[in-house]
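Trainee: here is the input, now give the coordinates:
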Amino acid sequence: MSPSLAVDLAGLRLANPLVLASGIWGCAAETLVRAARAGAGAVTSKSCSVAPRTGHPNPTVLPWAGGLINAVGLANPGAAEERLILQEAHKSLIPLGVSLIASIFGSTPDDYAEAAELVAGAQPEILEVNISCPNVASEFGLPFALEPDAAAAVTRAVRAAYAGRVFIKLSPNAVNIVEVAAAAAEAGADGFTAVNTLGPGMLIDITARRPILSNRVGGVSGAALRPIALRCIHDVTRAIGLPVIGTGGVDSGEAAIQMIMAGASAVGVGSALLGEGDAVFSRLQREMLTIMQHEGIASLEEIRGCAHAG
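Mentor: Residues are numbered from 1 along each chain as shown. Prediction:
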């Protein structure tokens, strides 16, 4: 019998654990559906706020040897417009059997609650609450994900405004990510996305003699983030019995399997899409199945969290 890639994510049955990560492909409904048709088990929209944002000027995304550095600046059309985009996407996703995850952010708990109410009209299967973007601190102050009480305040506000599944997006920059996750869980979170980008970091153009990104600094993602993401996923899932979408440097079937072994229920795919396009979803599935066949693994549930042993 062939191994199965099907997983359960907070009561949702996904055909495979691969999830289009938020932001990597912008805001269009077409890109969400494209990822679904290419083999994603679920798709996540770009984070939106109550009011539209233009974000930072180019250059905003830069590949480097360890992955990507980006400072897009949370550009989005606003939650009311995003709801229309998500509704359009959802019509095509439902017959494909692919779940929709809507991502929101804000500058105050009340902002998050209002964005949640607006996006709820699209009836996403999961609401991802982005409290952890590292490249807009000059505008919003320190991310809510760095401090347990702040993370709990946002979670409570969203929970009061939204009855569906709520996943909190955690930051690898937190001094104690388990304490932050525990506070969010106590406040009503149903699960987590772990993790957002690390940083902010900087790269310098030696000819121009100045930082390359227009924002000077940006979030670091890709392969360089993976060991940190794995540790965060391991620690959170070992301490808290809630599902996690493991995200950070998933560019191979081996990396995806590592995320599951660390305790993730599903696996976010982001930076790898910029280099390979949507073919990455089918490649990762093939590589995962090859590993599972070689290792005698019938289902991902058999190995979920196995790294917790000892």
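Trainee: so what's the residue count around the residue nearest to residue 281 when sequence neighbours are not counted?
Mentor: If you skip the residues right next to it in sequence, residue 281 has residue 39 as its closest partner in space, 3.5 Å away by CB to CB, 6 or more residues apart in numbering. Just so you know, the C-beta spots here come from the backbone N, C-alpha and C atoms, and that holds for glycine as well. By the measure other CB atoms under 10 Å, the count of residues near residue 39 is 21.
Trainee: need the contact list for residue 39.
Mentor: Counting by CB atoms under 8 Å, 6 or more residues apart in numbering, residue 39 touches 16, 18, 278, 281-282, 285.
Trainee: moving C-terminal of the helix or strand containing residue 245, what's the next helix or strand?
Mentor: Taking DSSP states H and E as the definition, one finds residue 245 inside strand 244-247. Moving toward the C-terminus from strand 244-247, the next helix or strand (DSSP H and E) is helix 253-262.
Trainee: tell me what the next helix or strand after that next one is packed against?
Mentor: Counting by DSSP H and E, the next helix or strand C-terminal to helix 253-262 is strand 266-269. Other elements packing on strand 266-269 under the criterion 3 or more CB pairs under 8 Å, 6 or more residues apart in numbering; DSSP states H and E are strand 18-20, strand 244-247, helix 253-262, helix 279-295.
Trainee: okay, these in CSV with mean pLDDT next?
Mentor: CSV is the format used below for these (pLDDT from 0 to 100):
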stretch, mean pLDDT
strand 18-20, 98
strand 244-247, 98
helix 253-262, 98
helix 279-295, 98
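Trainee: closest to residue 306 out of those?
Mentor: When these are ranked by distance to residue 306, counting by CB to CB, first place goes to helix 253-262 at 5.2 Å.
Trainee: show me where this protein has helices.
Mentor: Counting by DSSP state H, the segments of the chain that form helices are 29-38, 79-96, 109-119, 137-140, 148-161, 177-186, 226-239, 253-262, 272-276, 279-295.
Trainee: who's in contact with the longest one?
Mentor: Counting by CB under 8 Å, 6+ apart, the neighbours of helix 79-96 from elsewhere in the structure are 27-29, 32-33, 36-37, 43, 45, 48-50, 52, 76-77, 99-100, 102, 104, 114-115, 118-119, 121-124.
Trainee: returning to that earlier point: would you format the helices of the chain as JSON lines with mean neighbour count and distance to residue 195 included?
Mentor: What follows is these, written out as JSON lines (neighbours: other CB atoms under 10 Å; distance: least, CB to CB, whole Å):
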{"stretch": "helix 29-38", "mean neighbour count": "20", "distance to residue 195": "20"}
{"stretch": "helix 79-96", "mean neighbour count": "18", "distance to residue 195": "23"}
{"stretch": "helix 109-119", "mean neighbour count": "22", "distance to residue 195": "19"}
{"stretch": "helix 137-140", "mean neighbour count": "12", "distance to residue 195": "17"}
{"stretch": "helix 148-161", "mean neighbour count": "21", "distance to residue 195": "13"}
{"stretch": "helix 177-186", "mean neighbour count": "22", "distance to residue 195": "8"}
{"stretch": "helix 226-239", "mean neighbour count": "21", "distance to residue 195": "5"}
{"stretch": "helix 253-262", "mean neighbour count": "22", "distance to residue 195": "11"}
{"stretch": "helix 272-276", "mean neighbour count": "17", "distance to residue 195": "16"}
{"stretch": "helix 279-295", "mean neighbour count": "17", "distance to residue 195": "19"}
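Trainee: compare the mean pLDDT across those and name the weakest.
Mentor: The weakest mean pLDDT among the helices of the chain belongs to helix 137-140, with a mean of 52.
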